[in-house]
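Trainee: fold the following, please.
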Amino acid sequence: MKIKLLILIIILSFSSLLTQAQLLWKITGNNLKKPSYLYGTMHTGNPKAFVMKDILIEKIATCEAYAGEMIIDPSMLFAVMNEIFMSKDTTLKTLLSEQEYKIVKQALDDKLGMMSSFAERIKPMFTSLLLQEGGLEAMQNAPMESNKPLDLFLQEEASKKNLALIGLETLQEQMNVINSISLQKQAQMLYNEIIKTDTDSLDNSMEQMLNWYAEQKLDSLYLFASKEFADEPALSYQILTKRNINMAERIDKLIQEKSAFIAIGAAHLPDEQGVIALLRKKKYKIEAVK
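Mentor: Numbering: from 1, shown residues only. You can find the predicted model right below:
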């Protein structure tokens with residue numbers, strides 16, 4: 001599991017600095033001997049997220065290192081499991097009003113089936129991810145290739161080519177981001193997501209986001225998803241801006257040492273405080289790869 005993308009699948013941002021919709025960028029300049037590449041991912045195994053698969057594999061093969069927000073390792077499982085559960089006295093039911101809980105519970109039963117009771121105990125942000133992936137049935141029936149989230153697929157491609165694997169964040173840093181959002185706020189976000197339009201809103205919303213992602217329409221993704229934090233700049237800073245600054249610093253250090261293919265959530269690319277703008281401030285030339 002990749003913790004950061006558990007959040008940022010719903011917080012993709014738009015940048016006035018982007019003159020075209022684009023997910024893949026070439027990094028040169030600032031005395032680099034070889035170019036590096038920056039790609040905006042989405043944490044999903046849906047085939048629509050794999051539309052650029054061939055060119056991504058091609059660019060990975062030209063690099064010496066692969067950098068993700070985190071390098072996904074099976075050893076993380078136990079650490080993650082310790083973090084996703086709420087305290088024994090807290091359940092989803094205790095975080096919502098009676099009417100809100102009734103609506104959310106019905107959606108969980110419909111979409112998650114036997115996993116619905118599990119979702120009662122985990123932090124609502126993780127429940128949102130399960131719903132966004134289309135529920136248990138959708139994950140079970142997905143094509144074999146698409147069972148694997150895009151970011152994990154790219155990491156494994158890099159590993160096959162013996163690239164150095166480098167994490168730009170630690171597990172604890174990513175968990176701190178989730179924990180910075182109160183459980184009450186997470187539960188309200190989950191509820192709002194469920195009631196957004198109609199009874200099919202979960203399916204429709206995820207389908208629309210996937211379409212925009214496949215078409216590289218970051219502006220549309222932003223307008224759709226950013227409303228959740230529109231009135232909470234402090235939270236937006238923790239989730240995006242602060243992490244953008246840290247990752248840009250670490251990317252700067254990395255690409256001065258070796259060429260790298262960098263795959264981070266698409267939310268981190270745009271905005272005046274996005275990774276693209278921050279790297280440009282460091283005198284790098286960032287060009288869209290068509």
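Trainee: quick one: low-confidence ranges for the protein?
Mentor: 1-21, 132-147, 197-204, 219, 221-230 (pLDDT under 70).
Trainee: at which residues are the strands of it located?
Mentor: Secondary structure of the chain (DSSP state E): strands located at 24-29, 36-41, 65-68, 164-167, 260-265, 284-288.
Trainee: out of the ones you listed, which comes closest to L108?
Mentor: Evaluated with C-beta to C-beta, the strands of the chain place strand 260-265 nearest to L108, the distance being 25.2 Å. (Each C-beta comes from the backbone N, C-alpha and C, glycine too.)
Trainee: mind giving me the packing neighbours of that closest one?
Mentor: Counting contacts by 3 or more C-beta pairs under 8 Å, 6 or more residues apart in numbering; DSSP states H and E, strand 260-265 is packed against helix 3-8, strand 36-41, helix 53-60, strand 65-68, helix 150-160, helix 242-257.
Trainee: 6 Å instead?
Mentor: strand 36-41, strand 65-68 (3 or more C-beta pairs under 6 Å, 6 or more residues apart in numbering; DSSP states H and E).
Trainee: make JSON lines from the ones you listed and add distance to M206 and mean neighbour count to it.
Mentor: Converted to JSON lines, the helices and strands packed on strand 260-265 look like this (distance: least, C-beta to C-beta, whole Å; neighbours: other C-beta atoms under 10 Å):
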{"stretch": "strand 36-41", "distance to M206": "16", "mean neighbour count": "25"}
{"stretch": "strand 65-68", "distance to M206": "22", "mean neighbour count": "23"}
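Trainee: how about JSON lines for these, with distance to L112 added?
Mentor: Output for the helices and strands packed on strand 260-265, formatted as JSON lines (distance: least, C-beta to C-beta, whole Å):
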{"stretch": "strand 36-41", "distance to L112": "24"}
{"stretch": "strand 65-68", "distance to L112": "27"}
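Trainee: which stretch among those strands comes nearest L95?
Mentor: In this view, the helices and strands packed on strand 260-265 are compared for proximity to L95 by C-beta to C-beta, and strand 36-41 is the closest at 29.8 Å.
Trainee: can you tell me what sits against the closest one?
Mentor: Residues outside strand 36-41 that contact it (C-beta atoms under 6 Å, 6 or more residues apart in numbering) are 23-27, 59, 150-151, 255, 259-263, 265-266, 269.
Trainee: quick one: strands adjacent to that strand?
Mentor: Taking DSSP bridges as the criterion, strand 36-41 sits next to strand 24-29 (antiparallel), strand 260-265 (parallel) in its sheet.
Trainee: what's the angle between the first one and helix 53-60?
Mentor: Between the direction of strand 24-29 and that of helix 53-60, the angle (axes from the mean of the first three to the mean of the last three C-alpha atoms, to 10 degrees) works out to 20 degrees.
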